[in-house]
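**Student:** Provided below are the primary sequence and the corresponding predicted coordinates.
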Amino acid sequence: MAYKPNKNWIILIAALGVGGLAAFGAKNYLSNQMAEIEARERNKAMVRLVVAKVDLEKGSVVSPEHFAVRQVPKEWAHSGAITPEQFGRAEGSTLAYPANAGEPVLWAQLEGQKAPTFSARLAPGRRAVTVPVDEISSLSGMVEPGDLIDVVVSIKKDNRNFTFTLLQSVAVLATGTKASQQDADPEGRARHFTTITLDTTPEDAKRVIAAREVGRVTALLRAPSDASQVSRDRSDALALLGLSGGFASPASSVPVIYGGGPITAGQRMGPPLPSDALGQP
């Protein structure tokens, strides 16, 4: 008599097989998702902020032994957080509110302190000059605070057009109201601004202002590590395009007669003709 397998066992084995396949698929899916999340975290732009090493109570004095520097994703960084470059200004202040260990410290947490003004970004002897962004159309929407640019001027003088490099390796302080890359849109949307602010010497600031009055100002974005110097020669615009020779027509060798009088030297165009070529009157 042939053996007949129990249907219950068959159903159980099938269920275990389906369950095993589902568990294997779920494990692979979760592993892939975790790998994608980790990859995104590694590729995030980071900024350095000052954080508390330990829990600090209200009234604690800000000193280096109680604080450290931590890398924080730029999209999570608070615009009022203290950066390592600003810590010297905050040192010695008193906490008006408690600070939790590992969390960035804000200027608003300090007694009688506020975020440094924009002018505090300027070194002694430097000036900030703002240029309308429509005059720097080549960089509209692409330049960021901290970038380096060359300023090129195009002007017209004595019916001739000239183009030359006015300034080189000029640091961008702000684009519109954005003075830091931490001010980026958290959703990555493109920004639109109408002005750009440059870090210059007082004399260079006057040159930029004068260039705006007499010509057109354009910016060329420069690589951060590029320290090369370009020529400052004032070049004719047509010469740069290979058109300096112009398209003059050759002089006519045919004499021009005005009225019915005799032809004089001042009325002839081109070289004089031989006497026998004119014929007899």
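**Tutor:** Great, that's in hand. Residues are numbered from 1 along each chain as shown.

**Student:** Could you report the neighbour count for Ile149?
**Tutor:** For Ile149, the count of nearby residues is 22 (other Cβ atoms under 10 Å). (C-beta placed from N, C-alpha, C; glycine too.)

**Student:** my read is it is in a strand, agree?
**Tutor:** Yes - counting by DSSP: H, G, I helix; E, B strand; the rest coil, Ile149 falls inside a strand.

**Student:** can you pull up the bridge partners for the closest residue to it other than its chain neighbours?
**Tutor:** Leaving aside its chain neighbours, Ile149 sits nearest to Ala219 (4.3 Å; criterion: Cβ to Cβ, 6 or more residues apart in numbering). On the basis of DSSP bridges, Ala219 is bridged to Val151.

**Student:** so what does the longest strand that the chain contains touch, helix or strand wise?
**Tutor:** Assignment by DSSP state E gives strand 160-175 as the longest strand of the chain. Where contact means 3 or more Cβ pairs under 8 Å, 6 or more residues apart in numbering; DSSP states H and E, strand 160-175 is packed against strand 148-157, strand 195-200, helix 202-214, strand 215-222, strand 235-236, helix 237-240.

**Student:** at 6 Å instead, please
**Tutor:** Packed against strand 160-175 by the contact rule (3 or more Cβ pairs under 6 Å, 6 or more residues apart in numbering; DSSP states H and E) you find strand 148-157, strand 195-200, helix 202-214.

**Student:** In a markdown table: those, plus mean pLDDT.
**Tutor:** Shown next, in a markdown table, are these (pLDDT from 0 to 100):
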| stretch | mean pLDDT |
| --- | --- |
| strand 148-157 | 88 |
| strand 195-200 | 89 |
| helix 202-214 | 91 |
